[in-house]
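> Give the three-dimensional model of this entry:
(chains A, B, C and D)
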Protein chains: 2
Amino acid sequence: MTRPMAQNDTVEAFLDAAERLLITIGYAGISARRLAEEAGANHGLIHYYFGSMEQLLIQVLERFTSRLIARQTAMYAADVPFLEKWRTAMGYLDQDFASGYPKIWLELQALAWNHPEVQERLAQVNAQWRAVLTEALAKAMADYRIDTEQFPVEAVVALAMTFQEGIFLERLGGITEGQVELLDMIDRWLVRLERAKTDGRHEHHEGALS
Amino acid sequence: MTRPMAQNDTVEAFLDAAERLLITIGYAGISARRLAEEAGANHGLIHYYFGSMEQLLIQVLERFTSRLIARQTAMYAADVPFLEKWRTAMGYLDQDFASGYPKIWLELQALAWNHPEVQERLAQVNAQWRAVLTEALAKAMADYRIDTEQFPVEAVVALAMTFQEGIFLERLGGITEGQVELLDMIDRWLVRLERAKTDGRHEHHEGALS
DNA sequence: ACATGGATTATACACTTGTATAAACCACTC
DNA sequence: GAGTGGTTTATACAAGTGTATAATCCATGT
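Coordinates of the predicted model:
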């Protein structure tokens, strides 16, 4: 083992630079030389360490998605009321957008639309995310005594996921109309469920949507 | 007026070809020569008719979004129960995906993330779409006697929009899990509202979400 | 019949693209 | 201190990029 430090440093510099460029100019604007400049390294090293630009972007994807899953898992695995998990997740929204996180995520999605191998990897990430969310929501719906025949867990999970992705998409398009009201509405709704649960009058809790 | 037919034909051929390429390879993969080949025209004509590739893509955006708005407006402006409008909209989903419609839409979104002028145009489209949906939903919620204090119209509109965009995004990523169940769930919920309305017992209709 | 002028073609330009490779570097071991 | 080998640099290459322009085509109006 000669000098793995230096190697890792350079590799990470490239991956970091790639994420930065995904945020600022998008995947379509990333070229080998532009990336090397951003990373403060020689562009010949891309071939040396990654073999090709495509392989580099795939490594960006791998690193980014593994981080994403780790966070989602940690958040929803906590043993706290679902309301609290939800608020934590929603609390991330603003700081996430400030950090450029969703831009990276959606740029990788856009990349995947035209690259089947990337698409497959993202599908796996999606599946893991869905699994985490399913577990958390199944537990929450049991706690809140929600009728899973009228409201199947998979359907609620799908709603939560499309909701989250839609929020990302709209915000990245610079659209924020109605989102505060929507988040407030959901919060009030969860508070009501939480209250109904702790009240103990479970026989028939009305007013969820009317 | 020399030969406007021919001119229009060529211009349309380029715009059509661009839409086709957005579906198959995405905006990042479109080059002037590849586009001209797809359009069956000389690539010099791009400069002749559009001035630049960027202007061409903007015209693609204009034509596509104006069609989109026309359809949305026509659909939600009809004087039928909201349930029917919703079913029509959801019925479009499958055939839309078969036609590549959402791929074009999302590719243009992805383009907009890194091009402010395009972003502005898409924001306008979004605003119009929101306006149409707001009118339809406000009417529906009044019909269904939904408490707009607990469930503000803007919040419900935002939910409907993020929902639709999330569906597009997931399907384009090849993900369909839970979507059928979700659409069924929403449909059942709307049916219940519709039934409650026609029954005439409006004093206190329970069971919306429990 | 012929000139007009928009439409089309072929070609040219300077530049960027991804990838490859030989040379140079340099911290380390023997 | 010479040699070793991973790391880095500079450079090369063919191909592709967007844009521009002169030449050509050809349906039209006179």
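> Provide a list of residues in contact with the residue nearest to A:Leu45 when sequence neighbours are not counted.
Spatial nearest neighbour of A:Leu45, chain neighbours left out: A:Thr10 (6.2 Å); criterion: C-beta to C-beta, 6 or more residues apart in numbering or on different chains. (Each C-beta comes from the backbone N, C-alpha and C, glycine too.) By C-beta atoms under 8 Å, 6 or more residues apart in numbering or on different chains, the residues touching A:Thr10 are A:Ala39, A:Ala41, A:Leu45, A:Tyr49.
> Report the distance from the helix or strand in which A:Thr10 is found to the chain centre.
Take DSSP states H and E as the rule and A:Thr10 turns out to sit in helix A:4-24. Its chain's average C-alpha position is 21 Å from that of helix A:4-24, according to C-alpha atoms, centre = their mean, to the nearest Å.
> Check which residues of it are buried.
Within helix A:4-24, the residues that qualify as buried are A:Thr10, A:Val11, A:Ala13, A:Phe14, A:Leu15, A:Ala17, A:Ala18, A:Glu19, A:Leu21, A:Leu22, A:Ile23, counting by 16 or more other C-beta atoms under 10 Å in any protein chain shown.
> Tabulate the CA atom coordinates of that helix in PDB.
Output of helix A:4-24 as PDB, limited to C-alpha atoms (Å, rounded to 0.1, in the frame of the first residue of the first chain):
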ATOM      1  CA  PRO A   4      -3.700   5.600  -0.400                       C
ATOM      2  CA  MET A   5      -4.200   9.000   1.300                       C
ATOM      3  CA  ALA A   6      -3.300  11.000  -1.700                       C
ATOM      4  CA  GLN A   7      -5.400   8.700  -4.000                       C
ATOM      5  CA  ASN A   8      -8.500   9.000  -1.900                       C
ATOM      6  CA  ASP A   9      -8.000  12.700  -1.600                       C
ATOM      7  CA  THR A  10      -7.900  13.200  -5.300                       C
ATOM      8  CA  VAL A  11     -10.800  10.900  -6.000                       C
ATOM      9  CA  GLU A  12     -12.900  12.700  -3.400                       C
ATOM     10  CA  ALA A  13     -11.900  16.000  -4.800                       C
ATOM     11  CA  PHE A  14     -13.300  14.900  -8.100                       C
ATOM     12  CA  LEU A  15     -16.600  13.600  -6.600                       C
ATOM     13  CA  ASP A  16     -17.000  16.700  -4.500                       C
ATOM     14  CA  ALA A  17     -16.400  18.900  -7.500                       C
ATOM     15  CA  ALA A  18     -18.900  16.900  -9.600                       C
ATOM     16  CA  GLU A  19     -21.600  17.500  -6.900                       C
ATOM     17  CA  ARG A  20     -20.800  21.200  -6.900                       C
ATOM     18  CA  LEU A  21     -21.100  21.400 -10.700                       C
ATOM     19  CA  LEU A  22     -24.300  19.400 -10.600                       C
ATOM     20  CA  ILE A  23     -25.700  22.100  -8.400                       C
ATOM     21  CA  THR A  24     -24.400  25.100 -10.400                       C
END
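> can you tell me which residues contact A:Met53?
Contacts of A:Met53 by C-beta under 8 Å, 6+ apart are A:Ile30, A:Ala32, A:Leu35, A:Ile46.
> A:Leu190 now?
A:Phe82, A:Leu83, A:Trp86.
> Which secondary structure element is home to the residue at minimal distance from the centre of chain A?
In chain A, the C-alpha nearest the mean C-alpha coordinate belongs to A:Leu68, at 5.8 Å (C-alpha atoms, centre = their mean). Under the criterion DSSP H and E, the helix or strand holding A:Leu68 is helix A:53-77.
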